[in-house]
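Trainee: got a structure for you, letters missing:
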């Protein structure tokens, strides 16, 4: 399988969501399956992009938090909106039937335990 690019939100998806003012990289709690799945995908060679509405001033805090929790990533995109997130991608000329833009919505603070890609 070719490496995929996996975009994942942080708050409510990988870690228990708290208000920005209450984020503490040393007491943050990973949600069920988040550490295991992100490590699995990272170790399989997939490119991990974490996305978050957290403001840029929380970048260092967020990087420390992910390191402390053992959540690997390649890129961290800060300050995106809190509304719907839409992925737009082109189709493959060689395999036009192949899905190249997939969305998975998880329950807030539910974790990734039951997610398979």
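Mentor: Cool, got the structure. It should be emphasised that the depicted structure is a prediction, and the values quoted were computed from it without experimental measurement.
Trainee: state the three-state secondary structure for residue 50.
Mentor: strand (DSSP: H, G, I helix; E, B strand; the rest coil).
Trainee: over to residue 21?
Mentor: Reduced to three states by three-state DSSP, residue 21 is helix.
Trainee: okay, it: pLDDT?
Mentor: As predicted, residue 21 sits at a pLDDT of 95.
Trainee: gap between it and residue 86?
Mentor: Distance check for residue 21 against residue 86: by CB to CB, to the nearest Å, it reads 28 Å. All C-beta atoms are positioned from the backbone trio N, CA, C, and that covers glycine.
Trainee: same question, residue 30
Mentor: 27 Å.
Trainee: again with residue 101
Mentor: Distance of residue 101 to residue 86, computed by CB to CB: 9 Å.
Trainee: can you tell me the helix or strand for the residue sitting furthest away from the middle of the chain?
Mentor: In the chain, the greatest distance from the average C-alpha position (CA atoms, centre = their mean) is reached by residue 94, at 28.7 Å. Residue 94 is part of no helix or strand, with elements assigned from DSSP states H and E.
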